[in-house]
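# what would the 3D arrangement of this be:
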Amino acid sequence: MLIGPPETMRTTSIELAFREHPSALCLSDVNTISLDGLKDSFTSGRYSSIGFLDYQKLYERHSSTASNVEGTLRQMMEEGYTRSPHDDPTAPSTKARAFVVAAVTEAFYKRHHKAWRDSGFLRRWICSLFFMPTLSRNRMINAIHEWKKIEFDGIRRITPVTPIPYNLTQKESEYLLHVMRDQSSQATPFVLMKKIYVVLKWKYKQEPAKVRKIVEDFAPSLSKDGTQLII
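Alright, predicted model coming up:
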């Protein structure tokens, strides 16, 4: 969950990360019916990830609609979404799982923090909080003024065709546990962070020092105070 004030490149970050992956699905809005219709696409492997460019949009309908969507997402993010309430509970059904990324404003996050924590929804997320310092905001405004793009991407994408091995050392695992100390839970978010680290080690196996540097850059955003997004 990418959390920050408005105009902090949260939506842009999701779009850049997802656009090169054919199995990643970007959404601005969704309801329980459409999620149920996508179930087969996730169980078949067509999609594996969901990026919500404006998660707050879910709450602009009736509150019960948002709660139903979150209930489905909560299942997809961990134990697996099996069937809708309208399906026969005795019928066989595959489980759909997804990696979910969402952009939310800091104010929206604070309003829903307690309810998400009480429902168990929050413990499924790695929450990353950041803000943009004045110099970076000035650079963004100047780019608009000059009508020139700021290049954010350039990250090499690799799609694995064989399972990525779990090869974290005890020292690396202890470091990640320390990094996750301010998260709402050190269970699912810790598991996710370990998987991220394993993937980075696989991707940058020729540059092992780069993996630690990437995580060290990202780690401050996982603290209670967040960090600066410098461009």
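# from here on, just use CA atoms for contacts and neighbour counts.
Noted.
# name the nearest residue to Asn167, sequence neighbours excluded.
Val198 (6.6 Å; Cα to Cα, 6 or more residues apart in numbering).
# and the residue nearest the centre of this structure?
By Cα atoms, centre = their mean, the mean C-alpha position of the chain lies nearest to Val101, the distance being 2.6 Å.
# so that residue: helix, strand or coil?
Secondary structure, DSSP: H, G, I helix; E, B strand; the rest coil: Val101 is strand.
# quick one: contacts for it?
Residues near Val101 by Cα atoms under 8 Å, 6 or more residues apart in numbering: Met1, Leu2, Ile14, Ser49, Ile50, Gly51, Phe52.
# and the third one, what does it touch?
The one in question is Ile14. Taking Cα under 8 Å, 6+ apart, we find Ile14 in contact with Gly51, Leu53, Val101, Ala102, Ala103.
# give me the number of residues near the closest residue to Glu106 other than its chain neighbours?
The shortest distance from Glu106 to any non-neighbouring residue, by Cα to Cα, 6+ apart, is to Gly4 (4.8 Å). For Gly4, the tally of surrounding residues (other Cα atoms under 10 Å) stands at 24.
# start at 58 instead
Will do, 58 is the new start, and the previous item becomes Gly61.
# need the pLDDT of Gly61.
Per-residue pLDDT puts Gly61 at 95.
# same check, this time on the one 3 residues further on
Glu64 is assigned a pLDDT of 88 by the prediction.
# by mean pLDDT, which helix or strand of this protein comes out lowest?
Taking mean pLDDT, DSSP states H and E as the measure, the helix or strand of the chain with the lowest value is helix 120-133, at a mean of 85.
# which intervals of this structure have sub-threshold pLDDT?
Scanning the chain for pLDDT under 70 picks out 210-211.
# ranges for the helices of it?
For the chain, applying DSSP state H gives helices covering 67-75, 89-94, 96-100, 120-133, 163-176, 191-203, 227-236, 245-260, 265-275.
# now do the longest one: which elements does it pack against?
On a contact count with 3 or more Cα pairs under 8 Å, 6 or more residues apart in numbering; DSSP states H and E, helix 245-260 meets helix 227-236, helix 265-275.
# all set now, cheers.
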